[in-house]
Structures are given as structure tokens and as C-alpha cells.
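J.: any chance you can model this:
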Amino acid sequence: MKQTRAIALAILTGITVIGTTGCAVMRGQTDAATYVDDRAITTAVKAKLLEDKSTGGLSINVDTLNGTVALSGFAKSQTEKDMAGRIAASTKGVREVRNNLVVRP
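T.: Model (predicted):
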């Protein structure tokens, strides 16, 4: 009987540990704080792109993972693409920018 209780307790403890730590790590981030930081960076970059009159902020997607910002979508010109990259790079917390914007003819 004691052995069964010990096994059941060990299983429940394992499930609890897995359940509580699994929620903290999303999309490859190392911890919950990194996830929150990435969300804040994404929001800041998107806001700057929408504020800037020379970029089409609505047609640019922004994703952040561990401080690396990936820009995707479409730009009207190479100048707009370059400006979006500079805006993203100048945002606090950004470590790297991957500018995957496609220039539409």
C-alpha cells in the first residue's frame, strides 16, 4: 500500500512539474520573461512601422524570437524595405533583424 502511494505521488509530482514549466516556454524561448520581452519588441516594432509614413506598416508582419526580429510581407520599393529594417534594428531589445520583405513591382 505504501509503495502504491509513493508511486502515485511521484507520478502526480511529475505531472505537476511538467504542467507548470511547460506553459512558461513558448515557441523556443528559454523562459516566460523572454516570451514577454519578445512580445513587447514585436509590439514596439509594429507601432514604429505604423507611425512611419514611409513604410506600409499594415502590409509588414513582425515576429520576434529571442530578440531576433523577422520582417515578412511586401514593400513597395527597396527604399521602403530598407527603412523597415532600420526601424526594426533601432528598436530597444532587438538583437538581430531578418528582413524577408519582398519588393512588389
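
J.: my read: R104 touches E80, true?
T.: No - in this structure R104 lies outside contact range of E80 using C-beta atoms under 8 Å: 9.8 Å. C-beta here means a position set from N, CA and C on the backbone, and glycine is covered the same way.

J.: between those two, which has more neighbouring residues?
T.: Counted by other C-beta atoms under 10 Å, R104 and E80 do not tie: E80 has more neighbours, with 20 against 12.

J.: pLDDT at the closest residue to the more buried one other than its chain neighbours, what is it?
T.: Using C-beta to C-beta, 6 or more residues apart in numbering and skipping residues adjacent in sequence, the residue nearest E80 is T55, 5.5 Å away. What the model reports as pLDDT for T55 is 89.

J.: how about residues contacting stretch 52-59?
T.: Stretch 52-59 has contacts (C-beta atoms under 8 Å, 6 or more residues apart in numbering) with 46, 49-51, 73-76, 79-80, 83-84, 87.

J.: farthest pair within those residues?
T.: Spatial extent of the contacts of stretch 52-59 (C-beta to C-beta) is set by the pair K46 and T79 at 19.8 Å.

J.: middle-most residue in the protein, spatially?
T.: Closest residue to the average C-alpha location of the chain: T64 at 2.8 Å, with C-alpha atoms, centre = their mean.

J.: let me know the pLDDT of that residue.
T.: T64 is assigned a pLDDT of 95 by the prediction.

J.: check D82 too.
T.: pLDDT for D82: 96.

J.: export the stretch of helix or strand it belongs to to PDB, keeping only CA atoms.
T.: Using DSSP states H and E, D82 sits within helix 78-89. Presented in PDB, the C-alpha positions along helix 78-89 are these (Å, rounded to 0.1, in the frame of the first residue of the first chain):
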ATOM      1  CA  GLN A  78      13.700  48.800 -51.900                       C
ATOM      2  CA  THR A  79      13.800  52.000 -50.000                       C
ATOM      3  CA  GLU A  80      10.700  51.100 -48.000                       C
ATOM      4  CA  LYS A  81      12.200  47.600 -47.300                       C
ATOM      5  CA  ASP A  82      15.500  49.200 -46.100                       C
ATOM      6  CA  MET A  83      13.700  51.700 -43.900                       C
ATOM      7  CA  ALA A  84      11.600  49.000 -42.300                       C
ATOM      8  CA  GLY A  85      14.800  47.100 -41.500                       C
ATOM      9  CA  ARG A  86      16.400  50.200 -40.000                       C
ATOM     10  CA  ILE A  87      13.300  50.900 -37.900                       C
ATOM     11  CA  ALA A  88      13.300  47.400 -36.500                       C
ATOM     12  CA  ALA A  89      17.000  47.500 -35.800                       C
END
